[in-house]
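Novice: Provided below are the primary sequence and the corresponding predicted coordinates.
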Amino acid sequence: MTKNNEVIEVTNPATGEVVDTVLKGGKKEAVEAVDKAYQAFQDWSKQSVYERSALLNKWYALVEEHEAELARIMTIEQGKPLKEATGEIRYANSFISWYAEEGKRLYGETIPATASDKRIVVSRQPVGVIAAITPWNFPAAMITRKVAPALASGCTAVVKPASATPLTAIRLRELAVEAGIPEGVLQIVTGSSGEISDAWMADERVRKISFTGSTEVGKSLMQKSAKTVKKLSLELGGHAPLIVMGDADIEKAVSGAVASKYRNAGQTCVCANRIYVHESIEQEFAKAFKEKVAQLKVGDGLEEGVDIGPLIDKSAVEKVKHHIEDALDKGAEKLLGNEIEKEDLFFGPTILTNVNDEMVCMQEETFGPLAPITTFQTKEEVVKRANNSPYGLAAYLFTENLTTAIEVSEQLEYGIVGINDGAPSTAQAPFGGFKESGLGREGGHHGIDEYVEVKYLSIQL
Ligand SMILES: NC(=O)c1ccc[n+]([C@@H]2O[C@H](COP(=O)([O-])OP(=O)(O)OC[C@H]3O[C@@H](n4cnc5c(N)ncnc54)[C@H](O)[C@@H]3O)[C@@H](O)[C@H]2O)c1
Ligand SMILES: O=C[C@H](O)CS(=O)(=O)O
C-alpha cells in the first residue's frame, strides 16, 4: 500500500532534471475520487446537454487561451518538440469542442409496437462514473478523447495519467474547474497504477473502464473487468505497415512516411513500423526518404527547429537499439543511423534496408525512430505480409491508382487506413483497431456511444 505523502518525481527526458513531484496516490485516493465522482454524477447527469455543452465550450476556450503554457508543460515532461506539443493541445482541444456539440445529438427513437396499445421509446443514458487510464505519449489528447464524450453524455470521470506525464493532466483539470465544471465531475489521481486500477475495478460504482496503453496491460484489465462486468474501451498497441505501390507518387509517399514514422520520435501507436516498397521503386524511394530524414534535427524539444526530441526513458532507448542490432544480425543494412553526438535519451532517426519479416522490428512495436524498409513484388504478397500481425490499428497505402487504393485498403485488417495520408488522426473520425489493437472507437459520433447505455420504455396505454 502507498504510504502517506509519498511522491513521484517528474523528470524532463531531455535533461534528466526533476521538474516537479506529484502525490504517489493509491487505493485511498482512488476510492475518494470515486466517492466524489459518484456524488457529482447525481447532479451532472441531470443537467441538460446544453448546460454541459456550455461548460465544455468554456473549458475549450480556456485550453485555447493557455495553449502555450500547456504545450510547454507537455514538452518538459514528455519530450516532444514544442511545435508537436502545441499540435497535440489543439488536437486534444478539438475533442472538447467536438463533443460539446455531439452531446446534443444523443438522439433516441420510437419503434412501432406489435400491439396497438403499446408504445416503445428508446433513449441513451450516461453509464455513470467512468475510470480512464492513459499513456505518456499523448498526455493531453488521450485524456480529452475519453473525458470529453464522457462528460458531454452526463458521465463523471476519474483519470489516472501515466506517472511519467501527470502535469499536463493536472493542468487540464484545473482549467476544467476554472471553466465551471464541478470539482467532482473530473478528477485526476496520480500514483500506483496497480493499486489505483485495482480499486476502480473492484468498485461497482465505476461502470466503465477506458484504457489507452499497451496490449499487455489492456489484456490484464480486460480480465480484471470481468468480476463486475464493466464496460470497456481499449485503445492498445499498433504495428503499422506502410505500403508504397509501384505507381505511387514518391514525394507524397516520402512525406507521408516521414510524418507517420518520426512524429513524437516514433512513439505513437499509429507510427509506420514496417515500410513495404514495391521492388521497382525501392532505390528511388530509399534515396528520397534518406534525404528527407537526414534533415530532421534531434534535440531538446524546447529548442527552436527541433524535429525529434528524446525518448521517454532508458528502456525505450534499449528497445530501439535491440531492434536495430537484431535486424543487422539478420542481414539488414543501415542506410542512415543515429549519427548524433547527444547521449542519454536522444536517438537519431535510423533507416534500415534489406529487411526481412524474421526481424523483431517487423513483428514487435518499436516505439522509436527506426524505419525498416523491405520490398515486395505483388499486391497479394504485400497484403498478406501486412496483415500478418496480431495488431490491427493503423495502416498506410500510397498509390495513384484508385482501384488499387480501394481494393487493397478493403483487404487490410486495420481500423484506420491512410491512403496517401500519413496523418489520418482527427476528432471527427472513429479511431480504433482490429484484433489485439483494442475494443471500441474514440472520436466521431461512435466515440460517445462508449459512454451511454441504451434503454427502452415499453408503455402499455
Ligand atoms: N491505441 C491507442 O490509441 C494508443 C494511444 C497511445 C498509446 N498506445 C499504446 O500505449 C503503449 C505506450 O504507452 P505506455 O507505455 O504508457 O503503456 P502502458 O500500458 O505501460 O501504460 C499505460 C497506462 O497504464 C498504466 N498501467 C501500467 N501498468 C498497469 C497495470 N498493470 N494495471 C493498470 N494500469 C497500468 C500506466 O501507468 C499508464 O497510465 C504503446 O503500446 C502504444 O501503442 C495506444
Ligand atoms: O499514440 C497513439 C495516439 O492515439 C496517436 S494519435 O495522436 O491519435 O494519432
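Specialist: Nice, thanks for sending it over. Numbering: from 1, shown residues only. Ligands and ions are numbered 1, 2, ... in the order given.

Novice: quick one, what contacts the residue in the stretch 251-400 of the chain that ligand 1 sits nearest to?
Specialist: In the stretch 251-400 of the chain, the residue that lies nearest ligand 1 is residue 269 (3.3 Å; C-beta to the nearest ligand atom). All C-beta spots, glycine's among them, are computed from the backbone N, C-alpha and C. Going by C-beta atoms under 8 Å, 6 or more residues apart in numbering, residue 269 touches 137, 235-238, 365, 393-394, 437.

Novice: Tell me the one among these nearest to residue 96.
Specialist: For these, the minimum distance to residue 96 (C-beta to C-beta) is 17.9 Å, reached by residue 235.

Novice: neighbours around that closest one, how many?
Specialist: 26 (other C-beta atoms under 10 Å).

Novice: check contacts around the residue nearest to it when sequence neighbours are not counted.
Specialist: Of all residues not flanking residue 235 in the chain, residue 212 sits nearest, at 4.1 Å (C-beta to C-beta, 6 or more residues apart in numbering). Each residue near residue 212 by C-beta under 8 Å, 6+ apart is listed here: 132-135, 142, 145-146, 234-236.

Novice: separation between residue 212 and residue 166?
Specialist: 15 Å (C-beta to C-beta, to the nearest Å).

Novice: go on, residue 143?
Specialist: Applying C-beta to C-beta, the value for residue 143 to residue 166 is 11 Å.

Novice: And the strands in the stretch 51-200 of the chain, which stretches?
Specialist: Ranges of strands in the stretch 51-200 of the chain, per DSSP state E, counting those that start in this stretch, are 109-111, 118-126, 129-133, 156-160, 186-188.

Novice: Switch these over to TSV, and while doing so, append mean neighbour count to every line.
Specialist: Formatted as TSV, the strands of the stretch 51-200 of the chain follow (neighbours: other C-beta atoms under 10 Å):
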stretch	mean neighbour count
strand 109-111	11
strand 118-126	16
strand 129-133	27
strand 156-160	28
strand 186-188	24
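
Novice: For ligand 1, find the nearest of these.
Specialist: Taking these one by one with C-beta to the nearest ligand atom, strand 129-133 is closest: 4.7 Å.

Novice: For the strands of the stretch 51-200 of the chain, could you give me a markdown table that also reports distance to residue 309?
Specialist: Listed next are the strands of the stretch 51-200 of the chain as a markdown table, based on distance: least, C-beta to C-beta, whole Å:
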| stretch | distance to residue 309 |
| --- | --- |
| strand 109-111 | 48 |
| strand 118-126 | 38 |
| strand 129-133 | 24 |
| strand 156-160 | 24 |
| strand 186-188 | 24 |
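
Novice: Could you dump these into a markdown table and include mean pLDDT and distance to ligand 1?
Specialist: Output for these, formatted as a markdown table (pLDDT from 0 to 100; distance: least, C-beta to the nearest ligand atom, whole Å):
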| stretch | mean pLDDT | distance to ligand 1 |
| --- | --- | --- |
| strand 109-111 | 98 | 31 |
| strand 118-126 | 98 | 23 |
| strand 129-133 | 98 | 5 |
| strand 156-160 | 98 | 6 |
| strand 186-188 | 98 | 11 |
